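Enquirer: Build me a structure from this.
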Amino acid sequence: MAMITLQNSSMTEVTILSNTFIDNYMPEANGEFVKVYIYLLRSLSNAPVSFSLEQMADRLLCTERDILRALKYWAKQELLVLDFTDSDKLCGIALLSPDKHTENASSVSASVETVSTVEQPAIQAASAPSAAVEPSVPTGKASSDKKQELTPERIRELKQNEEIIQILYIAEQYLGKTLSPTESQKLLFFYDGLGLSADLIEYLLEYCVSHNHKSIRYIEKVAIAWAEEGITTVEQAKRSNSRYNKEYFTILKALGITNRNPVETEITLMDTWLKTYCFSMEIIQEACNRTVLQTGQASFQYTDKILEGWKKKEVKTLDDIRSLDDEHQKRRQSKKAASRKPAAPASNNRFNNFEQREYDFSEYEKHLLNQ
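Expert: This is a model prediction of the structure:
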């Protein structure tokens, strides 16, 4: 049987950018980093290729330091692996598939050459990486200013944990997509850093998604709030959510808002009043009442200004508010009294200032008669 040869006369050059990269990696990345990654993908079409960091920087109109920062960023995202010499010089790059995250890497090849300006060797051929660069994951209790990093060994250990495997699978079902490395890191942080149980993390995902919040940042915010509140079980989380939901609607009612749920910006402000300022409901309701009286509408921003002022003045009770009102009234009255015009002073003209002479008219008459 004769073989048929299929030929294509229009060899259009294209660079394929994965949808997974666009959806999960590109939104959080610096624009310069994205440019470097796309350039590496473009270079694959001409593999094997030789180029140095200096040449790459010239082509992308940036510095070699910018190139290195971008490469290290994508290494942390597990989209590529960097190979270094014994003297800690970059000598190779291996690209990983964002869709599979396997160790079957596509390679960017380059011959060894020295960049004289910074003594940096050119990017050299790199086949399959021996070990992927593990992302850093914060650990420790919910304290943004004091987070430790998990070691690569700990990350690999966690990823072999049956509970973690189940959590990652459930998260993909709730979020309806393949998890990005950042999302996976956050889930590891909830489990190993915040100490949330697998059941609690599952309920966390269910709770956030049921309220139309699929952003990992929002989910992390709720997780940290639960950890700071000392919530360790699903039952405690449900009670906390029920309590705050009731308080949210009480505040909405005080502002005259009915028949709708609070939006995210409103929830953020109410959480500040309830959790950060630690105001009682009666104080918040008082601020809401004053807002409606002053503005004639439901203004969360106006209420927030009132409560922010009360927080600065260390208001704890309604009596504290009444005391502030009394002080304010006294200051107003003092200003009014000071603004009243005093009685007009005596005229300062020369006539009024002239010292009048006193005359004895009887003596004056006698004097005239004796003349």
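
Enquirer: rest of the way, CA atoms for contacts and neighbours
Expert: Noted.

Enquirer: ok, residue 21 to residue 247 distance?
Expert: Distance from residue 21 to residue 247, counting by C-alpha to C-alpha, to the nearest Å: 41 Å.

Enquirer: what's the least confident helix or strand in this protein, going by average pLDDT?
Expert: strand 114-115 (a mean of 32; mean pLDDT, DSSP states H and E).

Enquirer: Helix, strand, or coil at residue 81?
Expert: strand (DSSP: H, G, I helix; E, B strand; the rest coil).

Enquirer: My understanding was that it contacts residue 94; is that so?
Expert: Yes. Look at residue 81 against residue 94 with C-alpha atoms under 8 Å: they come within range, at 5.1 Å.

Enquirer: quick one: low-confidence parts of the stretch 101-250 of the chain?
Expert: 101-151 (pLDDT under 70).

Enquirer: can you give me the strands for it?
Expert: Under the criterion DSSP state E, counting those that start in this stretch, the stretch 101-250 of the chain contains strands at 106-108, 114-115, 120-121, 138-139, 148-149.

Enquirer: what about the residue positioned nearest the centre of the chain, distance to residue 200?
Expert: Nearest to the geometric centre of the chain sits residue 217, at 7.8 Å (C-alpha atoms, centre = their mean). To residue 200, residue 217 is 17 Å away according to C-alpha to C-alpha.

Enquirer: what's the answer for residue 82, then?
Expert: Relative to residue 200, and taking C-alpha to C-alpha, residue 82 is found at 37 Å.

Enquirer: same question, residue 79
Expert: 30 Å.

Enquirer: Contacts only, for residue 33.
Expert: With contact taken as C-alpha atoms under 8 Å, 6 or more residues apart in numbering, residue 33 is in contact with 67, 69, 70, 71, 73, 74.

Enquirer: Can you pull the phi/psi pair for it?
Expert: Residue 33 adopts backbone torsions of phi -70, psi -40, taken as degrees, to the nearest 10.

Enquirer: With residue 196 instead?
Expert: phi -80, psi 140.

Enquirer: Same check on residue 232?
Expert: Torsion angles, degrees, to the nearest 10, at residue 232: phi -130, psi -10.

Enquirer: in stretch 282-298, what counts as buried?
Expert: By neighbour count on 16 or more other C-alpha atoms under 10 Å, the buried set for stretch 282-298 is 283, 284, 285, 286, 287, 288, 289, 290, 291, 292, 298.

Enquirer: and the closest residue to the last one other than its chain neighbours, how far is that from residue 294?
Expert: By that I understand residue 298. With sequence-adjacent residues excluded and distances taken as C-alpha to C-alpha, 6 or more residues apart in numbering, residue 298 is closest to residue 255, at 5.1 Å. Using C-alpha to C-alpha, residue 255 is found at 12 Å from residue 294.

Enquirer: Also residue 235?
Expert: Residue 235 sits 41 Å away from residue 294, going by C-alpha to C-alpha.

Enquirer: which one of the contacts of residue 33 has the most neighbours?
Expert: Among these, residue 74 has the most neighbours (other C-alpha atoms under 10 Å), with 23 neighbours.

Enquirer: May I have the secondary structure class of it?
Expert: Residue 74 ends up helix, using three-state DSSP.

Enquirer: hang on, it packs against residue 80?
Expert: Yes. Contact criterion C-alpha under 8 Å: residue 74 and residue 80 qualify, at 6.1 Å.

Enquirer: which element is the nearest residue to residue 63 once chain neighbours are set aside on?
Expert: Excluding its sequence neighbours, the residue lying closest to residue 63 (C-alpha to C-alpha, 6+ apart) is residue 57, at 5.3 Å. Assigned by DSSP states H and E, residue 57 falls within helix 53-60.

Enquirer: Return the set of buried residues in that helix.
Expert: Residues of helix 53-60 classed as buried: 53, 54, 56, 57 (neighbour count, 16+ other C-alpha under 10 Å).

Enquirer: ok, now stretch 204-219?
Expert: 204, 205, 206, 207, 208, 213, 214, 216, 219.

Enquirer: how much space between the closest residue to the third one other than its chain neighbours and residue 29?
Expert: The spatial neighbour of residue 206 that comes closest, neighbours along the chain excluded (C-alpha to C-alpha, 6+ apart), is residue 174 at 7.0 Å. Between residue 174 and residue 29 the distance, using C-alpha to C-alpha, works out to 24 Å.
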